[in-house]
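J.: Requesting a structural model of the entry that follows:
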Amino acid sequence: MSIKENLQKIKSTLPEYVTLVAVSKTKPVSDMMEAYNAGHKVFGENKVQDMVEKYEVMPKDIEWHMIGHVQRNKVKHMASFVNLIHGVDSIKLLEEINKQAMKHNRVIDCLLQIKIASEDSKFGMSFNEANELLGSRAYSECSNVNIIGVMGMATFTENKEQIKKEFQSLKNYFDQLKKEHPIFRVISMGMSGDYQLAIDCGSTMVRVGSSIFGARHYSEQ
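T.: Down below sits the predicted model:
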């Protein structure tokens, strides 16, 4: 199936309130333009450098999401155009995003990355750390960032029950936070293999790559 057909198939299964982020990491601009020409305008990259290069050559009405782990020294390269940063996992990173957003007279939307998986390799904050950040004076002074929700990655496992529990834990936490932070509206969870389950558990944003573009082409790096 073509990229256009893949997109149409996936979109036909998504509720209206769910945003589809086409994960275009490792994909060439030609593949992304095929998706764009099929009407899709929300793309997710996991490396700042790749996103900057693609931003420079692609149409300017695209919404760019940074979905990977962000190093503080790279924030300045994307601060002028990035729409949503999914992986905020420390106050230091948030302060850097705020500082760079200020230079461009922008307010950048961010999600707190919460560690819901059992694997050590996954980045993210604990629920307690996220609570501390949201209640901190440092965050209250960051006027050029908006935290609008949470992001989480489930354990890489075939055990659907475990994945479901992890997704539900993120949804429960989001519900708690939304009571104190009405601006919260995004739960970014679910990828190609588990996005349907994530939506069943309350996800409002799914990050789908291989189901749209096919297997990753690391040789292009």
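J.: Which parts of the chain are strands?
T.: 19-23, 42-45, 63-66, 84-88, 108-114, 145-152, 186-188, 205-208 (DSSP state E).
J.: Contacts for the last one, please.
T.: Surrounding strand 205-208, the residues in contact under the criterion CB atoms under 8 Å, 6 or more residues apart in numbering are 10, 14, 18-23, 44, 65, 67, 86, 149, 186-192, 195, 198-199. Just so you know, the C-beta spots here come from the backbone N, C-alpha and C atoms, and that holds for glycine as well.
J.: what stretches of the protein score poorly on pLDDT?
T.: Low-confidence segments of the chain (pLDDT under 70): 121-122, 216-221.
J.: now for the helix ranked longest in it, which elements pack on it?
T.: In the chain, with assignment by DSSP state H, the single longest helix is helix 160-180. The contact analysis (3 or more CB pairs under 8 Å, 6 or more residues apart in numbering; DSSP states H and E) places helix 160-180 against helix 127-134, strand 145-152, strand 186-188, helix 195-200.
J.: Of the ones you listed, which is nearest Lys60?
T.: Lys60 sits nearest to strand 145-152 of all the helices and strands packed on helix 160-180, at 21.8 Å, using CB to CB.
J.: Just the buried positions in that closest one, please.
T.: 145, 147, 149-152 (16 or more other CB atoms under 10 Å).
J.: So which elements touch it?
T.: Short answer (3+ CB pairs under 8 Å, 6+ apart): strand 145-152 packs on strand 84-88, helix 91-103, strand 108-114, helix 160-180, strand 186-188.
J.: List the strands paired with that strand, with their directions.
T.: Neighbouring strands of strand 145-152 in its sheet, by DSSP bridges, are strand 108-114 (parallel), strand 186-188 (parallel).
J.: Run through who's touching that strand.
T.: Contacts of strand 145-152 (CB under 8 Å, 6+ apart): 67, 84, 86-88, 94, 97-98, 101, 107-117, 124, 130, 134, 139, 166-167, 170, 173-174, 177, 181, 183-189, 204-205.
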